[in-house]
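Enquirer: Based on what follows, work out the 3D shape:
(chains A and B)
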Amino acid sequence: MAAQAQPPSLLNIHLKLLGFSLRSITPFPNCPSVFNLNGKQISRVEVLGVVTSRDHKPGRFLRFTLDDGTDSITCVLWLNHLTSSFFATRQPATLRVISDLSKSFADDLRLGKVARVRGRVSIFRGDLQVTVSDVVIETDPNAETLHRLDCISLARRCYFR
Amino acid sequence: MQGVKFLTVSDLLHYGYSHTGSSTPGPPLISDQPPQPPSAPSTSNPNRDLEPLPQLDYPAILVGTLRLPTLTLKCSLWKCLQFSDDSVTVCCDIVGFDPRAIGKKINVLTWNFIISDHLSGGILEIVKWDLSDSSHGLSRCSSLIVDSFPLVSNLIECVPKTSNAKSYRIHGIIEAVSPVSIIPCSVEESSSNQSINLRGFQVRIMTCECKLCRYEESVRVLFEATDSHSFTAPVFVYFCGPAWCWHPVLTKLIGNVVTISGLKKKLILMEKQEPFLMLVTADNTILHLPRLLKKRTVACGSHEGTVKNVYMQGMVVELDEEVWLLLTNQSLMPSHGLRIGAVISIRNAHFVVPQFSWAKFIVLGACVNTSIIVKSFSPLKTRCLIVSQSQSQLENFIEVLGFSTRLWYFQNEGLVQMFARSHLHSSVFRARHGVLMEFVKHESCCTATEPYPGNLKLVVPISSFIHHCENFGIKALLPSDNILPVSCVGKYYQRSKRKVFRSEDLGIILVGLLKISPSSGKLQLVDMTDSIDVVIPDLPSFWDHNSIFEVIDYFLIVEGMHELDLPELSSDDSSLPRSIFQPQGFPSPRKSNLKIFVYFHLRNTTCRNRPIYPPIASEDELNDTKSGKFHLIYITRRVRPTCHSMKLERSVFAEAIVMPWYLFLAGQDGSTHQDKVLIDCTVGNHADHSSSKRQKIDCASTLSGTCFKDNFCRCGDQSCLRTSFSHEIPCSATIQGVNNFIFTSSGTLYRIKANEKFKVCKGRAKRFFLAFASECDLKYQIGGVYLMKHHKEGRLCNIKNVSLKVVTIPITPGTYLRRLSFSSEDLTTDTSLHNSSLCNEVFMKDQVLAVASGSSISDIHLHVSSSLTGLFESDIKELRNGKNVSDATLGRFSLSLGMNTRMNANLEDNSGLLGHSHIFPARKFTSLCGDIIAVHSFDQGSSDMCSSRADYGDHGQYGFCDRTKNFCIHVSVANQTVKIFGFVNQYLFPTGFGPGINATFHQILDLRPRVPSTLMLTSESSIVINSIRAVDETQISDGNLKRFRCRVVAVYVLVLEKSNRNCDDLNSNMQSRPLSVDIPLACFILDDGSCSWCCWANAERAATLLRLKEYQLSGCEASGYKRRLVGVPNTTRASTMHHLERILEKHDRITVKSCRSVFDPFDQDFTVTAGSGRALIGLDDDFDLVASVIFNACINTFWTVVTEVMDSNAVNLLKEHLEDMQMPMPCMENLWAREVLSVNHATEAREMLQNNL
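Expert: Predicted structure coming up:
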């Protein structure tokens, strides 16, 4: 397998990062969807934090911030799957399901909730933001602790080696 | 005692059955210890049917006298206590023994009576008793009363005689009691010198040398001063003459403090040792015992355990807690009460912990010091132990072995003894010196800590080996429900699983004869007990069927499926010692779905019966081989006639082509020798060893001229002979005969010119059929070159009408047919074991066991000049490819590398004979070499297969039997998978056939292009195994397991099927409910933050990852699917499973394929196909549900997934699956999910902190 022979790429992995680490990444020149973390190419992250603000535009998007204690991360959850031309290449039926799911995510993302978010990193108006792919509302307070430990462990073992 | 019946021994004998009786009604009290029946007998243990002794249905008492042993009673032990009443005397044993009961009338209140023909009626086991004369005062509370027992008088309480001779007294602890032995001696009597046998036994007593003991204090004083004694000085007392009958008493008193007075000192001379001072009993010897017996701790080895089983006529006793007692010492003869279920106490045994690789247990070795006492009688209806006194050669031999070695030699006399003697190092043998000597000089005769012979391996009967392998194999295959299924013609089939074990891991040596099974036609290793299929790559065409081979280095291959009818295995069943000593019957019934075979090279075996069968070549064989002319024939294929029955006893044919070559061997100058290796009795291909004696080519060339004249000139026109041969190639031949006798001969190879009319024989066909009497004889390899001897009167050389289409030559046991191989002088060995890189490509990373090894294995090996070997090879190549048509193609790829295709015109010509006229009118036959990925049989009558059959036409016309089976073989050839179908007799498949091998299929029907990628086995086909893959299972078992905490990112492939299982109880717990949807295969992309994998899963594990067992389906709710669930009860509605059941009810099967990204949960698009082949589109509600299920799987927290790395075979299967689905293989590591567990955040976090992240 080609993948086994090469050093594992992090490009398609959802890196578990704390807010302050996420702040440190820089976009690759001419490739705005790929970022540099300690010389490694990354594009996707998983972050976990308390929802501290939300800006809801029904039918368009929900912009919210997650605070994990180290920094606040801006996240955007698109809600325009059925109307935007951006999703024109997607299957309409799948989009319908995704649209419904996104609406339910938006409903779940209340202020003060602890959310686990996976998504792509992007730059919007010079600011770093995470384009949300999926959201899990964590109800177990231990999930936060475990996430922080995971972030530290992965940073030591993998991201910053 | 009202209502209690008084019985006599005659009454017990009259009952005629073993029973238990008691004076009190109710369940019998078996002993004064709690009864300990053997713990939970295993399912395979024949003792599982053990019943308790039947109880007399009325209260009863036996009254009789307890007596010391006599020689008059019929008992093989001669040392049993006796119980007699007025009528009869029987052997007895007693718990709670008190010496004062001897000679007294006792009331037996509870007893077992075991009937035995070997004894005088039976044995009475006295469990509870009291003295009839209660006034005698056997109360146990009275201490410091010392009783005295004169040893020689029959009257216990008579006054001992006084003697003038100096007598001695000892006070000490009885440590050991020897068995009773007989010393022949002559006693001078007044009348005449008479030779009598002196019966006696020795007792080792640890005595005290304190002042009290040295001076003549009263016996009572000695017993009173318990604290002043120090029992450290060993003293041997010989109880001889009339005192011998006290043996059972002294045995029961081991560990007790006694005083013996009236002893005499004697100087004993034993062998050539120094004279030894010993105390001997005399007429006035008295045994003094305190009434309250106090046992001291015995320093020597002591063990107490329950008898679980008795094997080998009582020589091996299995106790609980994996303790094995060896009672090979014939003089020891334990009590009859040593029955299954009894609790016994063993004193002074040797504790040996053998370091066998295959089992862990303790061996208790009994020697002359050892005493065995029954502490509690068995409540079970088991036979009493009768040890035969006759000692065979083998038993004598066993006696000289160390204990750990001794355990394994209870097999047939002769072979075993010889084998053992040749195998064991001299250090394990111990000289024997007789009971007297060994008892006194115990340390030197029998070391307590014997050296363990490190090279010791286990030889077991084949039946035991098979039984062990079945248990071993089944355990290894047990988790096989968790293996990748194989998909074929739209259905999923369970895949059989193979495990390969090395002999060193098993630690067992196999010994047996090599025979071909008359029932299966397969080569087997056979002993008296059973047989096991074997694969021997270097098996010559002929071998001595009487040779006993010792196979040390081998591979054991076990193959089975999870559908195996698995018995409930307990740890008991898999115990190797038990399976050896408790054979399952000869031969044991095999587990039908478990295939077991052994792979080894004959050259690595050792022939162990050379002294019996000396390695000489038979006269006939020498005459046949050492000189003469030989035809060279090339075997092209096997042909089976139309089968009318399943019997193997029908003729089979091999098509052969006569090559334009002759071999002449000049026997008179060829040297015959016994290969040096034979001195070591080693068998093998000795081509290498014979090089030193190889004839020089020059010499051979000279010789060949003479031979040429002598042999060919007379046969034909002399003038044209030389011109008829295009080549004369001098050579030397190494011939391996029967009995592995190697001899060499010089000779010449002649090649006839092309289109030459010259004939050596009167008439000869170019192509003919060898007719074998049965399938068993057909061991000749397709593509092999063989020698047939030229005989003027021979069938091959006298075919009158060569125009006859079909020529058959019957092969009888006397027919000379030998496999030929070549090498040039430059070569020393044949290394072309497996030269096809194609054949190895899949199994490259694993160890490959070569099976069909081309030219390396032969009966006759020719060494020819290197420049001329090419000529011969090109002739063979021409024969092979003579009828080749253009290379076969398979889809876009050429298969020319792996396949040879030819139109079988000749078969049509010859088919009249074989009953195949008009069978294959326009079909192509092909040879194919590839790696077998999977083999499965089709369900009979399955609709899928019916359609397939329709494509192939009526299979009846191909000449198949009705009782054949439907098989489909998935073969990887040149990076693609082809399927070979067949409705064939199982005998077609050689031993070892199965997944993980590389094989060549000869004469298979090419159904392409009509049916893509498909070929077909016919009754004409034959399969040759090239190699068997051997994965080191020890690595797989644990080392390759990986454990991740990860999340599902995407679902790459998902197959859902309607389940046949019904779950009526919809309100039952979702977690415990069986899956109502089958998931034969699913592929998840998992991500743990540092890496991502393709994780393949099925069944429960796939369902867990899909979150199908959870009530809430956020995706389903969100998609609005719930709108359609009005009227469905809430609990049911909530379950995703229920929705899936509903849509599978409609579609039977749903296949979901990812057609977009696999790295982003919400960037997935899908192609969903129903079982009918119809694609579900976005407008369909069912599509919504399936999409929801997949998205729902991705919106999760963590799973802990235990995975194993997939072997090359499994990866190939996946490739095949995905090719069928027209999907690429993802560029990630493939793992197979063994276990999926939910994650507890707190626990995980704590562990991370404890492990310092």
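
Enquirer: Show me the shaky parts of chain A.
Expert: Scanning chain A for pLDDT under 70 picks out A:1-7.

Enquirer: give me the residue from it nearest chain B.
Expert: Nearest residue of chain A to chain B: A:Ala93, at 2.6 Å (Cβ to the nearest Cβ). C-beta here means a position set from N, CA and C on the backbone, and glycine is covered the same way.

Enquirer: Does that residue touch B:Asp1184 like I think?
Expert: Yes: using Cβ atoms under 8 Å, A:Ala93 makes contact with B:Asp1184 at a distance of 6.5 Å.

Enquirer: Common neighbours of these two, please.
Expert: The contact sets of A:Ala93 and B:Asp1184 do not overlap (Cβ atoms under 8 Å, 6 or more residues apart in numbering or on different chains).

Enquirer: got the contact list for the closest residue to B:Gln82 other than its chain neighbours?
Expert: The shortest distance from B:Gln82 to any non-neighbouring residue, by Cβ to Cβ, 6 or more residues apart in numbering or on different chains, is to B:Arg67 (4.3 Å). B:Arg67 is in contact with B:81-84, B:89, B:102-103, counting by Cβ under 8 Å, 6+ apart.

Enquirer: Kindly report the same for B:Ile1177.
Expert: B:Ile1177 touches A:93, B:1183, counting by Cβ under 8 Å, 6+ apart.

Enquirer: What is the burial count for B:Leu1213?
Expert: Applying other Cβ atoms under 10 Å in any protein chain shown, we find 26 residues neighbouring B:Leu1213.

Enquirer: Do me a favour and average the pLDDT over stretch B:744-757.
Expert: Mean per-residue pLDDT for stretch B:744-757: 74.

Enquirer: Pull out the buried residues from that stretch.
Expert: B:744-752 (16 or more other Cβ atoms under 10 Å in any protein chain shown).

Enquirer: Extract the CA atoms of stretch B:209-228 and return them as CSV.
Expert: The C-alpha coordinates for stretch B:209-228 follow below in CSV (Å, rounded to 0.1, in the frame of the first residue of the first chain):
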residue,chain,number,x,y,z
GLU,B,209,19.6,-40.6,70.1
CYS,B,210,18.8,-38.7,73.3
LYS,B,211,19.6,-40.1,76.7
LEU,B,212,16.1,-41.3,77.3
CYS,B,213,16.2,-43.4,74.2
ARG,B,214,19.7,-44.7,74.8
TYR,B,215,19.0,-45.9,78.3
GLU,B,216,16.5,-48.5,79.1
GLU,B,217,13.7,-46.3,80.1
SER,B,218,10.2,-47.7,79.9
VAL,B,219,8.4,-47.3,76.7
ARG,B,220,5.8,-45.1,78.4
VAL,B,221,8.5,-42.7,79.5
LEU,B,222,9.7,-42.4,75.9
PHE,B,223,6.2,-41.5,74.7
GLU,B,224,5.6,-39.1,77.5
ALA,B,225,8.8,-37.1,76.9
THR,B,226,7.6,-35.9,73.5
ASP,B,227,9.6,-32.6,73.6
SER,B,228,13.0,-34.1,74.4
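
Enquirer: Other residues contacting it?
Expert: By Cβ under 8 Å, 6+ apart, stretch B:209-228 touches B:144, B:146, B:148, B:169-171, B:207, B:229-230, B:232-233, B:257, B:259, B:261, B:288, B:290, B:294.

Enquirer: Ok, stretch A:46-53 next?
Expert: Taking Cβ under 8 Å, 6+ apart as the rule, stretch A:46-53 contacts A:14-19, A:22, A:64-69, A:72-73, A:75, A:109-118, A:130, A:138, A:143-144, A:147, B:1047, B:1089.

Enquirer: List the ones among these that fall in strands.
Expert: Counting by DSSP state E, the part of the contacts of stretch A:46-53 found in strands is A:14-16, A:64-67, A:72-73, A:75, A:114-118, A:130, A:138, B:1047.

Enquirer: rewinding a little: mark which of the contacts of B:Arg67 are part of strands, please.
Expert: Those of the contacts of B:Arg67 lying in strands (DSSP E): B:81-84, B:89.

Enquirer: Adding neighbour count, write those out as CSV.
Expert: Formatted as CSV, these follow (neighbours: other Cβ atoms under 10 Å in any protein chain shown):
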residue, neighbour count
B:Leu81, 23
B:Gln82, 22
B:Phe83, 25
B:Ser84, 16
B:Thr89, 20
